[in-house]
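*Asks:* The following comprises the amino acid sequence and a computationally predicted model.
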Amino acid sequence: MRANTPTAKTNANKKVFIKTYGCQMNVYDSDRMADALAPAGFVPTRDAADADLILLNTCHIREKAAEKVYSELGRLRKLKGERAKAGKDTMIGVAGCVAQAEGEEIARRADVVDLVVGPQSYQALPEMVARAGRGERVVITEFPDEDKFDSIAMTPKKILASRGPTAFLTVQEGCDKFCTFCVVPYTRGAEVSRDVNKVLTEARTMVEAGVREITLLGQNVNAYHGEGLDGSPWSLAKLLHALAEIDGLWRLRYTTSHPRDMDDDLIAAHRDLPSVMPYLHLPVQSGSDRILQAMNRRHTGDDYRRLIDRIRAAQPDLAISGDFIVGFPGETEQDFNDTMQLIRDVEYAAAFSFKYSPRPGTPGALLDDHVPDAVMTERLHALQALITEQQRAFQESRIGRTFDVLFEKKGRNPGQLVGRSPWLQPVNVQAPERLLRTMQPVTITHTGSNSLFGDLAESDNHAALHDAQVMAQLETAS
């Protein structure tokens, strides 16, 4: 029999530590898990050694994801033993996409794990914790029949207010594209979109709590088709137009997009809505038509180039970021050269790039003609060098420009604040702490390796007035 762990009814002042791996959707999901556990008496902590409940929110995209989870569980076994010697019970759970894909295997291999929960079932966490506290080992990874969004409780304003002026808001989940390298359709399920009214209600609550920038999330967010206020399916573009009308919501972003779902209305939104930031993450994965076909991407390299041209015609100041996989089975030197040429043609502001690694259960895992690891490594280094060169050029093109920066937190150096540019770059500025959560014009003076540095462009009197107006809005909202 396991050591007894307090049930949800007696969890007052218990602490939960959540370690997040992977994408922004997982960051959002970790917040949702914390929110779901709050009524059960759990408060977040940043110290695993101080936690009564430890949750690993896992990602299956990166290489050897499951092995990394087991390695982390090995470390947590020692921590759990040390706490037990001190008379403290510790519950350990695995959540996220690795849990969804390998839930029963995790429970079988790692007896230190008390509960396993897939990303469709976070609303069940309080019940799972209570059951695990009674000595059960709980595994819930099935896809529920009901719309998962129906069971998501809205984050209280006081919690939102503690998280700063930026926030994620999931509007779509799952994917129907079935790229041959990707596990998302199997771990997140089919495409589901949240109703417009619920999105708008949550967005307004966020703004009332002081959020000024919202990033809409989805595995394939530009395939959004939630039920609109008129009862018909709304596109992402129509949703953005509605969100842009919320007073106090200064900035909108969205990620991640698929090229095949980038329609004319969404492109026009980048032109017509000032609050839609000039940054777009639009993965292409490869520049080789042969590899794109093998990946089941259902577009060509030239299709992607023409799409980028249309988007930039609508918004010339747009920054493009992307994803690239090198070494997909069968990739030749010419295929790789095609990818490098596409990168030169597009000119990226940033990109994420990886060596191919097969994911169990995907069609790609069954392919032969694997590229040797040494070749993949060489290609990845070459690709990343080109991306770094382009990123540096984009950073330097901001020098001398003045634009608004939304200040999010204090910087590393005394008197320094850090915010984000319209193009998602960190911007470091010497500025008074009272300007946190405000948006101020900044003139860029120089760049760092991954960030910008600048000076406030307007007088301190103007900044103080702007700050006072924002604080008055927050006080009225609360």
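*Replies:* In hand now; what should we look at?

*Asks:* Number of residues surrounding the closest residue in space to Asn450 that isn't next to it in sequence?
*Replies:* In space, Asn450 comes closest to Pro426 once its chain neighbours are excluded; the distance is 7.0 Å by Cβ to Cβ, 6 or more residues apart in numbering. Placement of C-beta: from N, CA and C, glycine included. Per other Cβ atoms under 10 Å, the neighbour tally for Pro426 reads 17.

*Asks:* quick one: Pro426 from Ala95, how far?
*Replies:* Counting by Cβ to Cβ, to the nearest Å, the separation of Pro426 from Ala95 is 29 Å.

*Asks:* how far is the helix or strand hosting Thr443 from where the chain is centred?
*Replies:* Element membership for Thr443 (DSSP states H and E) is strand 439-447. Its chain's C-alpha centre and that of strand 439-447 lie 26 Å apart, by Cα atoms, centre = their mean, to the nearest Å.

*Asks:* what's the model's confidence in it, averaged?
*Replies:* In this model, strand 439-447 carries a mean pLDDT of 97.

*Asks:* Please apply the same query to stretch 263-271.
*Replies:* Rounded mean pLDDT across stretch 263-271 is 98.

*Asks:* ok, which stretches of the stretch 251-400 of the chain are strands?
*Replies:* In the stretch 251-400 of the chain, the strands defined using DSSP state E, counting those that start in this stretch lie at 251-255, 279-281, 319-326, 350-355.

*Asks:* rewinding a little: pretty sure the residue nearest to Asn450 is in contact with Arg420, am I right?
*Replies:* Yes: using Cβ atoms under 8 Å, Pro426 makes contact with Arg420 at a distance of 6.5 Å.

*Asks:* ok, the nearest residue to Arg401 once chain neighbours are set aside - contacts?
*Replies:* Leaving aside its sequence neighbours, Arg401 sits nearest to Ile444 (Cβ to Cβ, 6+ apart; 5.6 Å). Listed by Cβ atoms under 8 Å, 6 or more residues apart in numbering, the contact set of Ile444 reads 398-403, 427, 452-454.

*Asks:* For those, which ChimeraX command selects only the ones that are buried?
*Replies:* Here is the ChimeraX command that selects the buried residues among the contacts of Ile444 (16 or more other Cβ atoms under 10 Å):
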select :398,403,427,452,453,454
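
*Asks:* can you put the contacts of Ile444 in CSV and add pLDDT?
*Replies:* Converted to CSV, these look like this (pLDDT from 0 to 100):
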residue, pLDDT
Arg398, 97
Ile399, 98
Gly400, 97
Arg401, 97
Thr402, 98
Phe403, 98
Val427, 98
Leu452, 98
Phe453, 98
Gly454, 98
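
*Asks:* Of the contacts of Ile444, just say which sits nearest to Thr58.
*Replies:* In terms of Cβ to Cβ, no member of these lies closer to Thr58 than Val427, at 31.8 Å.

*Asks:* Low-confidence stretches in the stretch 1-150 of the chain?
*Replies:* 1-12, 61-65, 143-150 (pLDDT under 70).

*Asks:* To Leu125, which of the strands of the stretch 251-400 of the chain lies closest?
*Replies:* Across the strands of the stretch 251-400 of the chain, Leu125 has its closest neighbour in strand 251-255 (25.6 Å, Cβ to Cβ).

*Asks:* on that earlier part again, switch the strands of the stretch 251-400 of the chain over to a markdown table; also include mean pLDDT.
*Replies:* Shown next, in a markdown table, are the strands of the stretch 251-400 of the chain (pLDDT from 0 to 100):
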| stretch | mean pLDDT |
| --- | --- |
| strand 251-255 | 97 |
| strand 279-281 | 98 |
| strand 319-326 | 97 |
| strand 350-355 | 94 |
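
*Asks:* Just send the ones you listed back as JSON lines, with mean neighbour count and distance to Gln100 too.
*Replies:* Shown next, in JSON lines, are the strands of the stretch 251-400 of the chain (neighbours: other Cβ atoms under 10 Å; distance: least, Cβ to Cβ, whole Å):
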{"stretch": "strand 251-255", "mean neighbour count": "23", "distance to Gln100": "21"}
{"stretch": "strand 279-281", "mean neighbour count": "23", "distance to Gln100": "23"}
{"stretch": "strand 319-326", "mean neighbour count": "23", "distance to Gln100": "21"}
{"stretch": "strand 350-355", "mean neighbour count": "18", "distance to Gln100": "21"}
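
*Asks:* The ones you listed: which one's closest to Arg434?
*Replies:* Per Cβ to Cβ, nearest to Arg434 of these: strand 251-255, 20.5 Å.

*Asks:* so what does that closest one touch, helix or strand wise?
*Replies:* strand 213-217, helix 236-243 (3 or more Cβ pairs under 8 Å, 6 or more residues apart in numbering; DSSP states H and E).

*Asks:* which among the contacts of Ile444 gets closest to Arg163?
*Replies:* Val427 (19.7 Å).

*Asks:* List the residues that contact that closest one.
*Replies:* 405, 418-421, 442, 444, 451-454.

*Asks:* what does Asp345 give?
*Replies:* For Asp345, the contact set (Cβ under 8 Å, 6+ apart) comprises Arg305.

*Asks:* Would you mind measuring from it to Val371?
*Replies:* For Asp345 relative to Val371 (Cβ to Cβ), the value is 23 Å.

*Asks:* do the same with Gln120
*Replies:* Applying Cβ to Cβ to Gln120 and Val371 gives a distance of 34 Å.

*Asks:* what do you get for His241?
*Replies:* Look at His241 and Val371: by Cβ to Cβ, they are 45 Å apart.

*Asks:* Next: Lys238.
*Replies:* 43 Å.

*Asks:* Low-confidence ranges, the stretch 151-300 of the chain, go.
*Replies:* Looking at the stretch 151-300 of the chain by pLDDT under 70, you get 151-154, 156-159, 161-162.

*Asks:* what's around the residue lying closest to Ala51 once chain neighbours are set aside, how many residues?
*Replies:* Spatial nearest neighbour of Ala51, chain neighbours left out: Phe17 (3.6 Å); criterion: Cβ to Cβ, 6+ apart. Residues near Phe17, counting by other Cβ under 10 Å, number 21.

*Asks:* Likewise for Asp195?
*Replies:* Neighbours around Asp195, by other Cβ under 10 Å: 17.

*Asks:* Surely it touches Glu227?
*Replies:* Yes: contact criterion Cβ under 8 Å: Asp195 and Glu227 qualify, at 4.8 Å.

*Asks:* Quick one: residues contacting the spatially closest residue to Asp114 that is not a sequence neighbour.
*Replies:* Leaving aside its chain neighbours, Asp114 sits nearest to Ala132 (4.2 Å; criterion: Cβ to Cβ, 6+ apart). Applying Cβ under 8 Å, 6+ apart to Ala132 gives the contacts 5, 91, 93, 114-115, 138.

*Asks:* tell me which of these is nearest to Leu200?
*Replies:* Gly93 (32.5 Å).

*Asks:* related to what we said a few turns ago, could I get the helices and strands packed on strand 251-255 as a markdown table with distance to Thr45 and mean neighbour count?
*Replies:* What follows is the helices and strands packed on strand 251-255, written out as a markdown table (distance: least, Cβ to Cβ, whole Å; neighbours: other Cβ atoms under 10 Å):
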| stretch | distance to Thr45 | mean neighbour count |
| --- | --- | --- |
| strand 213-217 | 25 | 22 |
| helix 236-243 | 33 | 22 |
